[in-house]
Every structure is written in C-alpha cells, then in structure tokens.
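> model the structure of this input:
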Amino acid sequence: MTLLAAALLAALPCVYWTEGIDTRTALESAGIKRVCVAPELVDAWRSAGFAATPVTAAEFDAREALPPPGVAARAGVASPTRSPWVVANGWRVARTPAARFKYEVPAGKGVLAAAEAFAYGGDVILKLDPADLPAVGQVLKFLESLAEAPGEAAPDVGVVDDGSDATGEVMNLLTRRNLPFRALRSPSSEYRINIAIGTPEYPQSDAADPSAFALKIRRQLTDDQRTLRVFGSEVVICRLTRGAGGARLHVLNYGGRPIEGLRVRVRGAYGTGELNAGGTHKLGDYVSAGGFTEFSIPRLETYAVIDLR
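Next up, the predicted model:
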C-alpha cells in the first residue's frame, strides 16, 4: 500500500467490530478494510490484512454520540406542508473539530453516517448493524477511490461559540439551510457577519426561534454573497472545501429517497465539474458565469462528490 493510499484509508471512518477474528469473512466479503477492535485482537486482525486500530470498550463509550442521520418524525407534527426535520451532524463536527465521535446506527443508516463522517472530516467510529456491512463497504470503497480533497472549508459566517444549547441549535439550522459557519472564540474580521448570541444585534430572544434566526442571517448575508445554494430540496446539505487546485463539494441527501435533477449554485468561476457518485452520471446544464458556477445533478441517491476546477 502506498503512503497516499494509506493516508486516504486512515481518513475514512473506522468500523467498530467487537467480534473475533473468526468473523473476518463477513468484513472481507463487504470490502471493509479498516476496523477498530479490542487491543488484544489488533495483531490478529492486522495479520489478516486489515488496517486495525485498538479501541477499548471504555474508549468507545467515552466518545460523543451522534444521532443516526436522516429525516425524523416530530411528535405532534402531522401537517404535510411543514418542512422535514433533518437530523444532521456536520454542525457538531464543525463546532468541535478536534472531538472524537461515534455512531451507533440501525440498519439502513450506515451509508449516510459513513458519508457524513467523511464529508466533514471528523474523527468518527461507526458501530453498524451487520445488515449494513455490504452497503457500507461499498461506500467506503468509493470514498477510498477519491483523490485527496483540495483546501479547507469555506464558511459564510462566523459564530462565536459560548457553548450554549441555543448557539448549538443556531449552528444546526445554519448548516441545514446550507449557510456554512466557522466556530470562533471571538469575532473575526475575516467574516462580514459574526454571530454572538446575547449581543444587541443577536439577542437571546432571536435564538428562541432558530429557523427564523437562520432566515435573518440569510437576509443579512444576501444570496449573492452565499458560498452555495441548493434549489428544489430541503433535505440536501452540502459541504464545500476550496484550495489552489479547485473546490470539492460534498452533497448529502438525508431524505432516504433518490432526488432527480437537483440544482446547485457555487460561488466562484470553475470551468469544469466532475461528478463522482459511484455511477456514470454527468453534471447537467453546467454554466459558469458572473462569478458563479451552476449545474444539475441528474440523480442523487445518498451521497455525491463534485470536483470543480
């Protein structure tokens, strides 16, 4: 294995496996190469060709738990006209990027959890339902095949993090509205908008309704100043990173059903865009003009990566 391949493999979320080496066939059949196992089993798994990392049960339990991603029903809310309640964890990683996280996800949630962890670059361990092994193995193989991503995250606003639940919920709603943020200790001149809950401009009363608060920030920012926009869906969240070689857009579908013809606009002029989604689809209606790049994704299953150059 080359150094680059080893680095890319290490960047993938690790599958937490509590079974013995006699169960290796289940993982091999799924194409899963990286596992987190009990320290006394590391040598055996490595000898079997796996990239094994020692993790004790206590270490796993101590990690911050992330809820299974997707769309959740809310008790007492039955109206079909209301916006879907998206459960997404990217804001948690963006808030504390050095933290250690874990997922314990039921069957059917493993692929989205793995993709979400990769998109945000978190230190994440996945505890899966065995039924999800083949699907998760397939997405991990796809992620491993991607070239190294360019650059750093591209936030629209800064959020001064006071550690409160109210500020966390603001971060959550900003992310769900595709208004990426950077968590700050204090306001920064790098950002035109610095959100600090409890100040005259952003009082606690505003934060009581995070959805309205996110709309307020969108209006302050203006759509022409936004890093990215997603048209036609309330269940798609994107994460953009930029660098000297271009940009990479991670596109996550939390709705559980494929989406046809999703339209995305990215701030910046990029001459070409490559769609990577484990299939043969190409971006449609690609236009780069006026300082923006806009395109359609013909069909979005759970996750896609778009490299812009």
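
> quick one, strands of the stretch 201-309 of the chain?
Ranges of strands in the stretch 201-309 of the chain, per DSSP state E, counting those that start in this stretch, are 228-231, 236-243, 246-253, 259-267, 273-276, 284-289, 292-300, 303-308.

> TSV for the ones you listed, including mean pLDDT, distance to Ala214 and mean neighbour count?
Where you see a C-beta, it was placed from the backbone N, CA and C, and this is true even at glycine. What follows is the strands of the stretch 201-309 of the chain, written out as TSV (pLDDT from 0 to 100; distance: least, C-beta to C-beta, whole Å; neighbours: other C-beta atoms under 10 Å):
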stretch	mean pLDDT	distance to Ala214	mean neighbour count
strand 228-231	96	14	18
strand 236-243	96	13	21
strand 246-253	96	18	23
strand 259-267	96	18	18
strand 273-276	94	27	18
strand 284-289	96	27	12
strand 292-300	96	22	19
strand 303-308	96	24	22
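
> and those strands: which comes nearest Ala88?
When these are compared by C-beta to C-beta, strand 236-243 sits nearest Ala88, at 5.5 Å.

> show residues contacting the closest one.
Strand 236-243 is contacted by residues 86, 88, 90, 119-120, 149-154, 175-176, 178, 180, 227-228, 230, 247-255, 259, 262, 264, 266, 268, 300 when judged by C-beta atoms under 8 Å, 6 or more residues apart in numbering.

> what helix or strand is Lys141 on?
helix 133-145 (DSSP states H and E).

> what comes up buried for that helix?
Within helix 133-145, the residues scored as buried using 16 or more other C-beta atoms under 10 Å are 133, 135-140, 142-144.

> and stretch 85-99, by the same measure?
Buried residues in stretch 85-99, defined by neighbour count with 16+ other C-beta under 10 Å: 86-95.

> just stretch 189-205 next, same as before
By neighbour count on 16+ other C-beta under 10 Å, the buried set for stretch 189-205 is 191, 193-197, 202.

> the spatially most central residue of the chain in helix, strand or coil?
Nearest to the geometric centre of the chain sits Glu116, at 3.3 Å (C-alpha atoms, centre = their mean). Secondary structure, DSSP: H, G, I helix; E, B strand; the rest coil: Glu116 is helix.

> repeat that for the one 10 residues further on.
Using three-state DSSP, the three-state assignment for Leu126 comes out as strand.

> who's in contact with it?
13-16, 102-103, 105, 110, 113-114, 117, 136.
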